[in-house]
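> fold the following.
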Amino acid sequence: MARRTSNREREFALARVIAIVNDKGGVGKTSIAANLGGQFAGAGYRCLLVDLNRQANLADDLGYRGSEIDDEGAGLLGSIIARTPLRPVPDIRPQLDVVCGGARLEDLTPVMVSRLQNHGRDAFRVLGDVLAPVARDYEVVFVDCPPESTILTDLALASARWVLMPTKSDLGGLLGMTLVAERFTLAREINARLGLLGVVLFATGSRARAVQGEALAAIDEAFGGSSPRFETSIRHAERTAQDARRLGKLAHELEVEAAAQPAWWEELRSGTRTKRISATAASVAGDYRALGVEVLSALQAAEEAERPRTRRKARA
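Numbering: from 1, shown residues only. Take a look at the predicted model:
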């Protein structure tokens, strides 16, 4: 078992852990985790993805489902039970490592129920305890949270520094966001540093301004009248989403492949027919690039705002 880190060391190590949370499924949590992680890694940032989802959709987005590295969450479960540091799978992409999720995380719920009975809500700090020794090796850590699993979500909220919350503009997505706002308040009782980095609209029509406006008003209401919101929304592109899961490719990887494929008329003339990658991949990749810039800017602004306060405390 690794030595116990001090609270200050733990806070420093977890300072760029971002939990991607919404209590509703299908609102883009995994897609955002995978695509931001992949784009940041491609830009030279060392990134870690932690998959807390029993469905392990990250395995599909990154193309390792059923491979020899896919332990279906056994490593994550074992670390939490034994309280030993996580052991990420290295280089799913260059600079991008993953802690796999999957079916084995079913066994995590009864483990946590038992610990909650013995230790109360402080038991939720365990994910941060096993993540902190490795998180310091990364510039950004994203935790992909499952829908409708309060225990696994609370593990993430107790360990993260920031919450990034995707939502759709429909009633289900906004309701899921409201439920997380309630859990966010509870989580701050044991993780006082937890903050909302921002809310992002996912799979919206690029011209649906009125609907987006209504959704943003609902977001403000859920978080007490004012909430950080990202200007970028991720557009709805069903064909690109299908290509991504089918091929295990991220949007910017599909963008490159789409640009390299022969023109449709060349295929028609040659008589070769292949399943083409949708040209909308470029637009979706652009959305993720813009969101990534906003996320990094928000992180840097928040960290800069904290530095004077830290220095004042040190002088006192």
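
> mind listing the helices for the stretch 201-316 of the chain?
209-222, 238-247, 251-260, 264-270, 281-315 (DSSP state H, counting those that start in this stretch).

> what do you get for the stretch 51-200 of the chain?
Under DSSP H, counting those that start in this stretch, the stretch 51-200 of the chain gives helices at 57-61, 74-82, 108-119, 126-135, 150-159, 171-187.

> would you mind listing the buried residues in stretch 182-202?
183-184, 187, 190-191, 194-202 (16 or more other Cβ atoms under 10 Å). Using the backbone N, CA and C atoms, a C-beta is placed for each residue, glycine as well.

> looking at the helices of the stretch 51-200 of the chain, which is closest to residue 254?
helix 57-61 (11.2 Å; Cβ to Cβ).

> CA-only coordinates of the closest one in CSV, if you can.
Taking C-alpha atoms only, helix 57-61 is exported to CSV below (Å, rounded to 0.1, in the frame of the first residue of the first chain):
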residue,chain,number,x,y,z
ASN,A,57,-18.3,3.4,-23.7
LEU,A,58,-14.8,4.9,-23.6
ALA,A,59,-13.6,1.5,-24.8
ASP,A,60,-15.7,1.9,-27.9
ASP,A,61,-14.8,5.5,-28.6
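
> so which elements touch that helix?
helix 29-42, strand 47-51, helix 238-247 (3 or more Cβ pairs under 8 Å, 6 or more residues apart in numbering; DSSP states H and E).

> repeat that with 10 Å
helix 29-42, strand 47-51, strand 96-99, strand 140-144, helix 238-247 (3 or more Cβ pairs under 10 Å, 6 or more residues apart in numbering; DSSP states H and E).

> out of those, which gets nearest to residue 11?
Among the helices and strands packed on helix 57-61, the nearest to residue 11 by Cβ to Cβ is strand 140-144 (13.7 Å).

> quick one: mean pLDDT for the closest one?
For strand 140-144, mean pLDDT is 97.

> now stretch 305-316
Stretch 305-316 shows a mean pLDDT of 60.

> kindly report the same for stretch 154-174.
So the average pLDDT for stretch 154-174 ends up being 82.

> residue 123 touches residue 159, doesn't it?
No - applying Cβ atoms under 10 Å as the test, residue 123 and residue 159 come out as separate, 11.9 Å apart.

> so these two - more neighbours on which side?
Set side by side, residue 123 and residue 159 show more neighbours around residue 159, with 27 against 20, by other Cβ atoms under 10 Å.

> next, count neighbours for the closest residue to residue 78 other than its chain neighbours.
Once flanking residues are discounted, residue 78 sits nearest to residue 84: 7.6 Å by Cβ to Cβ, 6 or more residues apart in numbering. Look at residue 84: counted by other Cβ under 10 Å, it has 15 neighbours.

> need the longest strand for the protein.
strand 195-204 (DSSP state E).
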